[in-house]
Structure formats: C-alpha cells, structure tokens
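*Asks:* I need the structure of the sequence given here:
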Amino acid sequence: MQKNAIKREQSHDNLNSAERELSRPKVKIAIIQISKEGRHVAYFIQQELGAQLIERTAVGAHWQDFDAFVFIGAMGICVRTIAPYVEDKHTDPAVVCVDSFGNHVISVLSGHVGGANELTKQIAGALGVDPVITTQSDNAGLWALDTIYENYDWHMSYVGNLNNAVGKFVNREPVALLLDIRDEGTDYLERTCPQHVTIVHSVDEIMEGNYTLAIIVSPFIYSNLPSDLLVVQYTPQVLDLGIGLAHQAPVDTYEDIQLLLGEHHICLWSECIRKICTIDIKAEEPVIQKFQAERYGLELKLYTADELAKVDVPTPSETVEKHVGTPSVCEAAALLASNYGKLLLPKVKGKNFTIAVAIDHKYLREGHIEIVGAGPGDPDLVSVRGRKMLERADLILYAGSLVPKALTECHKPGAVVRSSADMNLEEQCALMKQFYDRGKYIVRLHTGDPCIFGAIQEQMAFFDREGMSYHITPGISSFLAAAAELHSQFTIPERCQTIILTRGEGRTPMPEKEQLHKLARSQSTMCIFLSASIVDDVQRELLQEYPEDTPVAACYHLTWPDQRIYRGVLRDLAKIVHENHLTLTTMLVVGEAIDNRRGLSALYDKHFTHLFRQGDA
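*Replies:* Numbers count the residues shown, from 1 in each chain. Here you go, the predicted structure:
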C-alpha cells in the first residue's frame with residue numbers, strides 16, 4: 001500500500017507547544033474563594049486536588065503560572081475576572097466555577113484542550129453532585145477530536161481548520177475512519193463508532209466515498225486526498241527504528257535520517273517512533289549523543305553484537321560483521337526492539353548511516369487471539385477489559401460446559417459465537433487458525449481465571465508452533481467468588497495466612513507431594529476444584545489432618561442464577577454433596593476461616609503506626 005504525505009496547514013511547532021502545555025506531569029491548580037460562604041468548599045477542594053489558594057486580584061499576574069483555576073462563588077464574578085486574559089484555547093488554562101455551597105460545578109473555559117471538562121467531572125465526583133458541561137460533543141456522546149489523542153499518547157495533525165473538522169463531526173456529516181494499526185485507542189474508536197462514521201481500509205475507499213472529513217490513525221503519511229477534504233490524523237508511537245552508523249557520523253545525520261523516513265512516507269520520528277536502537281559500541285557517536293540530549297520522549301535501546309548476531313535478517317552484510325561483529329545492526333536492532341515483529345522498512349542506506357523500521361505484531365491489524373478469563377459465571381463479573389475483548393471479537397470460542405452463554409451476548413453484529421464443549425483440541429485450534437489466517441480477532445473464553453485448571457497450556461503450545469499472536473486477560477477465579485458468597489475472609493490474622501488451590505485425585509493423577517492429606521497438614525484454607533464426583537476420597541484424605549468439626553462449604557454454580565451453597569462440617573462433607581446431587585462446577589472449601597469473625601488486623605488498630613497514619617501511644 002502506497003503511503004502519501006499529509007499536508008499540515010498548522011505549524012507543527014505550534015502544535016507541539018500546545019501538546020506540551022497539555023501533558024505536564026503534574027497539574028498545578030489555583031483556587032479562588034470569592035466569598036466567605038465558600039470557605040468550606042474551597043478548603044475541601046484544596047485538599048482533594050492538592051491545590052493552592054490565591055486571591056482573586058492575583059489571577060491576572062498568575063494566568064500562565066497555573067494549569068487550572070477553580071473559582072468558588074458566582075459565575076458572573078468568575079467570568080469578569082478572567083475576561084481580560086482569555087486568548088487561545090491551546091494556551092489558556094482550564095477554568096471551573098463552583099457555587100459557594102458546592103451544589104453545582106461548571107466547566108467555564110478550555111473544556112477540551114485545557115482539561116476543564118475532566119476537572120469539572122473530578123470535582124463534581126468528589127462533591128457528589130452533577131457536573132455542568134456544555135460542550136456539544138460531550139453532551140452528544142461523541143469523540144472530542146481535539147483532545148482524544150491525549151488519552152492514548154498519540155500526536156495530532158490536521159489538514160484544514162480543526163474547528164471546522166470538529167463542527168462537521170458533531171453535526172454528523174459523513175466521516176471516514178481509516179485505522180492502520182491496532183491499540184487501545186483504535187479499540188475504543190471501533191467500539192464506540194457513531195453511525196455517521198464509516199470504517200474504511202484504504203485511501204481508495206475515502207476517495208470513492210462522499211466524505212467531508214477523514215479521521216486517520218496511522219504512523220504513515222498520506223497525501224493525494226481530495227483537496228476539499230478535512231483531515232485529522234492521529235499518529236501513534238508504535239514503530240521501532242534501528243540505526244547503523246558510520247564512525248563519527250556528523251550530527252546533521254539526525255536530520256538526514258528524518259528526511260529518509262519521510263521519503264518512505266513515515267511520519268516524524270518524534271511522533272511515530274517509540275524506540276531508537278543501535279549497537280552499544282555506537283553509544284558515544286555524536287548522533288546518539290544528540291538523541292540522548294533531546295529524546296523527544298523516546299526510548300534508546302543499545303544491543304551487544306552477540307544479541308544482534310542471533311537475529312535472522314533479510315539483508316546481512318559481511319562488511320558490517322567484519323567491523324562490528326554482527327552481520328546486521330539496523331534490521332536486527334529494529335526486530336529485537338519490536339519483539340521480533342514485522343519489518344516494515346528493510347535496510348535503507350543514507351550517506352553515513354543505514355536505517356530499518358519494524359513494528360510489534362500486537363500493533364498490526366492482523367490475526368490475534370485473546371485468552372479471556374470469564375470469571376465465575378455472572379456476566380457482570382467478567383473484567384472490564386475482558387468485556388471489551390468480547391465486544392470486539394470476530395470469533396468467540398467459549399468453554400460451553402463451564403461458561404454461561406450469557407457471557408457472550410455482548411458480541412458485535414456478525415461475530416461467530418461457538419461452544420467448544422463438543423470439540424477436541426485439534427478442532428478448536430483449527431477453527432481459531434481459520435479465523436486467525438483471515439486477520440480476525442479471536443477470543444478464547446475460559447471459566448474463572450484461565451491460569452487455574454484452564455487447559456490453555458496445550459493451546460498456547462499450538463499458537464507458539466504456528467507463530468500466532470496471543471495474549472491472556474485474567475479473570476476472577478471461582479475461589480474468590482466462594483469467599484465473597486460465603487461472606488468470609490479466607491485468611492485469619494496470626495492463625496491462617498495461606499490459601500491452597502488444588503483438586504482431588506480422579507482420572508488425572510496428583511503428584512505424590514501434592515496429595516490432599518499432605519497439603520492438609522498446614523491447616524490452611526483449602527479450595528478444592530473439580531472434585532465433587534470423588535468427594536468420598538476427598539473427605540477421607542482431609543480427615544487425616546483436619547479436625548472432623550472443621551467448617552466446610554460446597555458451592556455449586558457460584559454466581560450463576562441457580563447458585564446453591566451448603567455449609568456444614570468436614571465429617572458431613574460427602575453426605576452434603578451426595579444428598580444435594582452436586583457434581584460439575586462445584587467448589588469445595590474447607591477451613592476455619594469459613595464464617596470466622598474472630599481476630600483483628602493490625603492494619604486498622606489505633607495503636608498501629610504505618611506510612612499513612614501515626615498510631616496512638
């Protein structure tokens with residue numbers, strides 16, 4: 001795919017200046033108490049925000065010294081105070097007004113760019129009142145095009161007038177959305193895409209459509225777009241730049257590298273590169289020293305010749321190997337930095353240098369498998385991240401014998417949802433690979449947390465063999481749900497500080513050192529999975545070490561609509577399970593921690609001193 005150059009009409013220096021204003025490491029806030037009635041509100045907000053109280057007459061003198069001003073009092077006084085100093089939304093501080101009794105919190109100035117809207121929400125949350133925000137995109141539930149890039153560490157540039165672009169967007173004119181990469185931000189855009197926005201896959205689709213605005217998320221430069229088309233581009237830092245340097249390459253090589261990147265339609269390296277990498281023996285070269293001094297927020301990675309020599313590259317060089325001990329510097333370094341990702345730009349030679357660019361596979365819009373822990377069963381107990389993955393998936397393959405189908409009902413239109421209950425390992429892997437090879441996003445949904453009896457090891461072995469991209473999203477295990485439903489803390493100060501997660505010995509043998517009666521010697525809280533069908537053996541082994549009156553609980557379908565929990569003592573455990581016909585998806589819990597209310601934690605003892613509190617003598 002050919003990459004072209006976006007024509008920036010706004011000065012890039014000005015844009016970077018605005019971005020620097022918005023990304024200060026610590027927000028400095030001033031509070032102006034207008035009347036004495038607001039002193040309690042002012043003091044509360046000062047403590048919550050770590051803010052500084054100043055006089056109203058000092059606002060002008062300190063207008064550029066603070067990131068935000070919070071007025072406590074009448075809106076009219078607030079507006080008249082700031083009016084002489086208001087200039088530009090890219091440089092004006094945020095201004096928020098709170099009435100003297102803390103009933104209303106109003107975003108007044110620099111709602112998006114200055115962060116007043118977010119500050120308004122923060123203060124309103126602390127006071128327990130509703131924020132008053134009048135920005136159209138916020139109230140319409142639309143993206144804030146002029147600030148959304150801050151949330152994902154993107155850089156922004158645009159063609160045309162940004163205010164016009166925002167206007168067309170909030171007025172719901174036809175918009176094209178072109179996504180070159182995949183990250184948290186693009187996931188959000190896809191998940192929340194408004195109806196008037198069409199996701200496209202190429203510039204040709206933009207050219208063919210009747211769009212007034214194009215939103216692009218890409219580390220590449222595009223041009224040859226329609227001259228009357230407004231363009232907002234967000235550039236993510238997702239590329240890794242490998243550099244090979246001649247000895248004593250001049251400092252202006254720095255600029256030559258950027259020019260060469262531009263010739264290959266790659267955005268400014270200060271915007272799209274996350275790591276610059278080379279061989280360690282070049283650390284003192286002027287170009288690297290200049291980079292070290294300026295940084296641009298990028299990471300410098302230095303590799304040894306031995307590390308680089310282990311990387312297979314498309315264009316090795318005997319000459320390079322003769323001089324530095326490795327057949328490749330720029331390509332090998334880029335691939336190492338990108339976790340052996342995809343080489344987007346193989347070695348290109350400049351006057352005193354070579355460069356190569358790679359990208360980690362996790363950023364590519366290609367096949368990926370996310371192994372997601374479904375939690376104990378209640379759809380509300382899947383993690384927020386897991387829910388997002390389910391909403392994004394093209395294929396959801398869920399463990400149907402253990403995971404309620406209700407967990408998959410959040411899937412997007414057109415997604416394939418399959419139970420793996422009747423599938424063997426080979427069939428599951430074949431189905432996932434079929435979707436993976438088509439560049440699709442797959443969620444393999446396992447019960448609880450997949451690291452506990454999740455049977456994912458053999459699947460990951462297949463993914464590794466096939467070179468497939470995958471990741472694990474943890475879930476809430478059923479033993480945690482058991483503690484919650486039993487209203488029990490599974491550890492007791494000074495008496496029980498260990499929780500054992502295990503299973504009884506059924507068709508799958510247990511290692512000899514992990515047999516139940518040996519684990520029971522610790523008298524810890526024990527959560528026993530997958531063992532209701534062999535409960536007689538479980539009870540017999542536990543009674544070798546636990547007293548027969550030790551509390552037990554048999555928890556069936558924890559957090560499911562038909563959840564049942566039976567309490568008792570260890571001598572009756574088998575009877576409880578048999579009489580209530582408990583088989584699959586039953587957690588057995590044993591230990592004195594069940595229903596325990598004795599023992600005090602030192603953490604909240606009034607005599608206990610720690611980092612945040614001085615105890616009483």
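*Asks:* Chain neighbours aside, what residue packs nearest to residue 85?
*Replies:* residue 63 (4.5 Å; CB to CB, 6 or more residues apart in numbering). (Each C-beta comes from the backbone N, C-alpha and C, glycine too.)
*Asks:* how far away is the one you found from residue 122?
*Replies:* Counting by CB to CB, to the nearest Å, the gap between residue 63 and residue 122 amounts to 22 Å.
*Asks:* pretty sure residue 361 is in contact with residue 339, am I right?
*Replies:* Yes. Taking contacts as CB atoms under 8 Å, residue 361 lies within contact range of residue 339: 7.4 Å.
*Asks:* How many residues are close by the residue nearest to residue 529 when sequence neighbours are not counted?
*Replies:* Spatial nearest neighbour of residue 529, excluding adjacent residues (CB to CB, 6+ apart): residue 503 at 4.7 Å. Applying other CB atoms under 10 Å, we find 19 residues neighbouring residue 503.
*Asks:* Could you pull up phi and psi at residue 257?
*Replies:* Torsion angles at residue 257 (phi, psi; degrees, to the nearest 10) stand at phi -60, psi -40.
*Asks:* so residue 553 is in which element?
*Replies:* Residue 553 is part of strand 551-556 when elements are defined by DSSP states H and E.
*Asks:* Listing partners with orientation, what would you give for that strand?
*Replies:* strand 564-569 (antiparallel), strand 586-590 (antiparallel) (DSSP bridges).
*Asks:* show me the contacts for the residue nearest to residue 529.
*Replies:* Residues near residue 503 by CB atoms under 8 Å, 6 or more residues apart in numbering: 453, 510, 528, 529, 530, 531.
*Asks:* what's near enough to touch the last one?
*Replies:* In this case it means residue 531. Contacts of residue 531 (CB under 8 Å, 6+ apart): 503, 504, 506, 538, 588.
*Asks:* Ignoring the adjacent residues along the chain, who's closest to it?
*Replies:* Excluding its sequence neighbours, the residue lying closest to residue 531 (CB to CB, 6+ apart) is residue 504, at 3.6 Å.
*Asks:* Let me know how buried the one you found is, in neighbour terms.
*Replies:* Residue 504, neighbours per other CB under 10 Å, totals 23.
*Asks:* How about residue 430?
*Replies:* Residues lying near residue 430 (other CB under 10 Å) number 12.
*Asks:* Okay, and it sits in which element?
*Replies:* Residue 430 belongs to helix 425-436 when assigned by DSSP H and E.
*Asks:* Contacts for the helix or strand just after that helix, please.
*Replies:* Next along the chain after helix 425-436, taking DSSP H and E as the criterion, comes strand 441-446. By CB under 8 Å, 6+ apart, the surrounding residues in contact with strand 441-446 are 367-374, 389-390, 392-399, 402-403, 407-408, 428, 432, 435-436, 454-456, 459, 475.
*Asks:* Relative to residue 414, which of the strands paired with strand 551-556 is closest?
*Replies:* Residue 414 lies closest to strand 586-590 among these, at 36.4 Å (CB to CB).
*Asks:* Buried residues, the closest one. List them.
*Replies:* For strand 586-590, burial by neighbour count (16 or more other CB atoms under 10 Å) applies to 586, 587, 588, 589, 590.
*Asks:* got it, and stretch 583-601?
*Replies:* Buried residues in stretch 583-601, counted by 16+ other CB under 10 Å: 585, 586, 587, 588, 589, 590, 591, 592, 593, 594, 596.
*Asks:* Just list the residues touching the residue nearest the centre of the chain, thanks.
*Replies:* Centrality entry for the chain: nearest residue to the mean C-alpha point is residue 184, 5.9 Å, by CA atoms, centre = their mean. Contacts for residue 184 were tallied using CB under 8 Å, 6+ apart; they are residue 152.
*Asks:* follow-up on the earlier one: any chance of the buried residues of strand 586-590 in CSV, with pLDDT and distance to residue 146 too?
*Replies:* Listed next are those as CSV, based on pLDDT from 0 to 100; distance: CB to CB, whole Å:
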residue, pLDDT, distance to residue 146
586, 94, 54
587, 93, 51
588, 96, 56
589, 96, 53
590, 97, 58
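*Asks:* So for residue 361 and residue 339, which residue has more residues nearby?
*Replies:* Neighbours per residue (other CB under 10 Å) separate residue 361 from residue 339, with residue 361 holding more: 18 against 12.
*Asks:* So the more buried one versus residue 504, what's the distance?
*Replies:* Counting by CB to CB, the gap from residue 361 to residue 504 is 41 Å.
*Asks:* now do residue 89
*Replies:* Distance, residue 89 to residue 504, using CB to CB: 65 Å.
*Asks:* next one: residue 45
*Replies:* 57 Å.
*Asks:* and residue 240, backbone torsions?
*Replies:* Per degrees, to the nearest 10, the backbone of residue 240 is at phi -120, psi 130.
*Asks:* looking at it, it is touching residue 269, isn't it?
*Replies:* No. Using CB under 8 Å, residue 240 is not in contact with residue 269; the gap is 10.8 Å.
*Asks:* Give the intersection of the neighbour lists for these two.
*Replies:* Common contact partners of residue 240 and residue 269 (CB under 8 Å, 6+ apart): residue 276.
*Asks:* before we move on, back to that, just give me the closest of the buried residues of strand 586-590 to residue 163.
*Replies:* Nearest member of the buried residues of strand 586-590 to residue 163, counting by CB to CB, is residue 587, at 57.9 Å.
*Asks:* what sits against the nearest residue to that closest one once chain neighbours are set aside?
*Replies:* Nearest residue to residue 587, sequence neighbours excluded (CB to CB, 6+ apart): residue 555, at 4.4 Å. Neighbouring residues of residue 555 by CB under 8 Å, 6+ apart: 478, 481, 482, 485, 486, 563, 564, 565, 586, 587, 588, 589.
*Asks:* Pretty sure the fourth one sits against residue 566.
*Replies:* So that's residue 485. No. Judged on CB under 8 Å, residue 485 makes no contact with residue 566 at a distance of 11.8 Å.
*Asks:* What are the contacting residues of the strand or helix carrying residue 322?
*Replies:* Using DSSP H and E, the element containing residue 322 is helix 318-324. Applying CB under 8 Å, 6+ apart, the contact partners of helix 318-324 are 244, 279, 281, 305, 309, 326, 327, 328, 329.
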